[in-house]
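Participant: next input, structure requested:
(one chain, ligands or ions: 2)
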Amino acid sequence: MNALFVHPRIGRKATAFLAREHKLLIGGKWVPALSGRTFETYDPGTGRIIARVAEGDAADIDLAVQAARQAFDGGAWGRVSPSERGRMIWKIADLLEQNADELAELEALNNGKSLASAKNGDIPLSADMFRYMAGWATKITGETLSISTPGSYHAFTVREPIGVVGQIIPWNAPLLMAAWKLAPALAAGCTVVLKPAEQTPLTALRLGELIQEAGIPDGVVNIVPGFGPTAGGAIAAHPDVDKVVFTGSSEVGRIIVKAAAGNLKKVSLELGGKSPVIVFPDADMSVAVAGASQAIFNNTGQVCSAGSRLFAHKKVFDRMVDGIAQEAGKIRVGHGLSEGTQMGPVISQVQLERVTGYIDQGKAAGATVAAGGSRVGNEGYFVAPTILTGTTPEMSVVREEIFGPVLCAMSFDDDDLDRIARQANESIYGLAGSVWTRDLSIAHKMARRIRAGRVGVNIHGSIDAALPTGGFKQSGWGREKGHEGLNLYTEVKSVIMSL
Ligand code: NAI
Ligand code: MG
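Facilitator: Ligands and ions are numbered 1, 2, ... in the order given. This next block holds a predicted model:
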């Protein structure tokens, strides 16, 4: 076995965590995989192995589902009052903050993102999500209904927890994705089997320890790292799972829908995107340039709602492209744990090849590289912030989700908002979009015309816990975060009483 790589900038607590055995959390106990197998997890900044993690598969998922079933059906979680549930969820947020440095270091090491973005973004946003949902635990209500059937009735609805939920999450924001999934499920009173992405299991495992420390009863949250087709597939197909909630590729979303058909479990999906950034000639150019640059280069472009298609009016197209190219040139690309890094690597060799492969396809199809355009260095998986111009709607770089720091820039020479919107909506996806203008009428009209689950005006978007996120078209089913996100985890029951 290869020795584990210990990054010199990792602190004492994260080093101690990395040195521990990384097991599965099932029924409140940390256990090895039944198969005894482990898999390696990497630092994408160096490509070196940083930990070995127990590899769950169908047999372990089965045990985890039984534990979650027991915690739900046996009533251990149901006997906890909403107020107490809220207090425990709030405590998870406190514990995230108390362990923020350790978590940020682990996230930067395992995902590659800059330590600053983990510290100022992922960790506080995760805590926010738990706090936001902690408040909902005591505010789950139904309605009283007016009945017209002859007679005298009392009728009302209640919202009940949906039951055992399987959650499968991606690697682009490992802790935050776990928080988005777990917080509403716990607030609603569900029990969970969570499978982190095989590339980034570490912060989810540390979160599992904190969830125990917060007093969440055994079996309520089970965490089983493993691979997609085995562990993930077993969750999606399991007959005792009431709902599966997934974030990842549209390709796997379709596999999950098919697997879920066996017991017709409920399904929510947050899938890919190819979100437009539409810039009108009256926009504040410095705001639009900074916003468009952030929209595509944040998190190395590995964001489902990344603004990956720029549509700028002909009058401002060159200024936009030059401005974003200048921003791109200033971004310090480096190891997530190096001082001053602003953009880390992509997650893996596979993603490196995928992203650079798309850039090559774009060039071969006639696009021009206005910034970046290639890998950076030969250790780790770094890609230069890239802008392609001369791109057209048929090109794969314009149609498909690249999930890397690659912007396709296009122009329009039109004042017809319907036509502009049609161009922006020409995608199988509909996750997000943004409009940059100082004209209130254009802003409102375009916000209505964009076929996507989230629209920003003079901001590409926000991942605030209160703001629902999700997709039109092939970008998904359902909305996460906000009150809508809580409702993903409840079933409505109507009760009618003849008086
Ligand atoms: P993926 O969709 O394969 O992986 C996401 C999660 O699904 C992981 O936990 C994985 O283990 C699990 N999974 C994979 N195959 C599964 C299966 N057959 N059954 C159940 N679970 C399964 O994404 P991948 O391969 O890591 O990335 C490929 C592309 O997917 C990216 O380039 C990007 O375009 C897209 N993607 C989109 C994300 C988003 O936030 N919308 C997140 C991650 C990837
Ligand atoms: Mg995959």
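
Participant: who does the closest residue to residue 283 other than its chain neighbours form a beta bridge with?
Facilitator: In space, and not counting its chain neighbours, residue 283 is closest to residue 436: 4.0 Å by Cβ to Cβ, 6 or more residues apart in numbering. Any C-beta I mention is one placed from the backbone N, CA and C, and that applies to glycine too. In this entry, residue 436 is beta-bridged to residue 279, by DSSP bridges.

Participant: now residue 436: how far from residue 290?
Facilitator: Here residue 436 is placed at a distance of 11 Å from residue 290 (Cβ to Cβ, to the nearest Å).

Participant: when these two are compared, which one has more neighbours?
Facilitator: Taking other Cβ atoms under 10 Å, residue 436 and residue 290 do not tie; residue 436 has more neighbours (30 against 14).

Participant: next up, the contacts around the one residue in the stretch 251-400 of the chain that gets nearest to ligand 1.
Facilitator: The stretch 251-400 of the chain approaches ligand 1 most closely through residue 304 (3.2 Å), counting by Cβ to the nearest ligand atom. Residue 304 sits next to 172, 247, 270, 271, 272, 273, 431, 475 when contact means Cβ atoms under 8 Å, 6 or more residues apart in numbering.

Participant: residue 477 now?
Facilitator: Contacts of residue 477 were listed using Cβ under 8 Å, 6+ apart, and they are 267, 268, 269, 470, 471.

Participant: so, low pLDDT: which residues of the stretch 351-499 of the chain?
Facilitator: Of all residues in the stretch 351-499 of the chain, none has pLDDT under 70.

Participant: and whatever residue of it ends up closest to ligand 1, its phi and psi?
Facilitator: Taking Cβ to the nearest ligand atom as the measure, the stretch 351-499 of the chain has residue 403 as its residue closest to ligand 1, at 3.5 Å. Main-chain dihedrals, residue 403, degrees, to the nearest 10: phi 60, psi 50.

Participant: again, but for residue 166
Facilitator: According to degrees, to the nearest 10, residue 166 has phi -100, psi 130.

Participant: that one reaches residue 236, doesn't it?
Facilitator: Yes. Using Cβ atoms under 8 Å, residue 166 is in contact with residue 236, at 6.9 Å.

Participant: those two: who's more crowded?
Facilitator: More crowded of residue 166 and residue 236, by other Cβ under 10 Å: residue 166, with 32 against 25.

Participant: the residue nearest to residue 63 when sequence neighbours are not counted: how many residues sit nearby?
Facilitator: Nearest residue to residue 63 in three dimensions, chain neighbours excluded: residue 26, at 5.3 Å (Cβ to Cβ, 6+ apart). Residues lying near residue 26 (other Cβ under 10 Å) number 25.

Participant: next one: residue 484
Facilitator: Residue 484: 16 surrounding residues under other Cβ under 10 Å.

Participant: for it, give its distance to residue 469.
Facilitator: 9 Å.

Participant: is the one helix or strand residue 255 maps to up against ligand 1 anywhere?
Facilitator: In this assignment (DSSP states H and E), residue 255 forms part of helix 250-260. Yes. Using Cβ under 6 Å from any ligand atom, we find that helix 250-260 touches ligand 1 at 252, 255, 256.

Participant: what's the answer for stretch 268-286, then?
Facilitator: Yes. Interface with ligand 1: stretch 268-286 contributes 271, 272 (Cβ under 6 Å from any ligand atom).

Participant: list the buried residues for that stretch?
Facilitator: 268-280, 283 (16 or more other Cβ atoms under 10 Å).

Participant: dump those to JSON lines, plus pLDDT and secondary structure.
Facilitator: Conversion of these to JSON lines gives the following (pLDDT from 0 to 100; DSSP: H, G, I helix; E, B strand; the rest coil):
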{"residue": "268", "pLDDT": "98", "secondary structure": "strand"}
{"residue": "269", "pLDDT": "98", "secondary structure": "strand"}
{"residue": "270", "pLDDT": "98", "secondary structure": "strand"}
{"residue": "271", "pLDDT": "97", "secondary structure": "coil"}
{"residue": "272", "pLDDT": "94", "secondary structure": "coil"}
{"residue": "273", "pLDDT": "98", "secondary structure": "coil"}
{"residue": "274", "pLDDT": "98", "secondary structure": "coil"}
{"residue": "275", "pLDDT": "98", "secondary structure": "strand"}
{"residue": "276", "pLDDT": "98", "secondary structure": "strand"}
{"residue": "277", "pLDDT": "98", "secondary structure": "strand"}
{"residue": "278", "pLDDT": "98", "secondary structure": "strand"}
{"residue": "279", "pLDDT": "98", "secondary structure": "strand"}
{"residue": "280", "pLDDT": "98", "secondary structure": "coil"}
{"residue": "283", "pLDDT": "98", "secondary structure": "coil"}
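
Participant: ends of stretch 41-52, what's the gap?
Facilitator: 6 Å (Cα to Cα, to the nearest Å).
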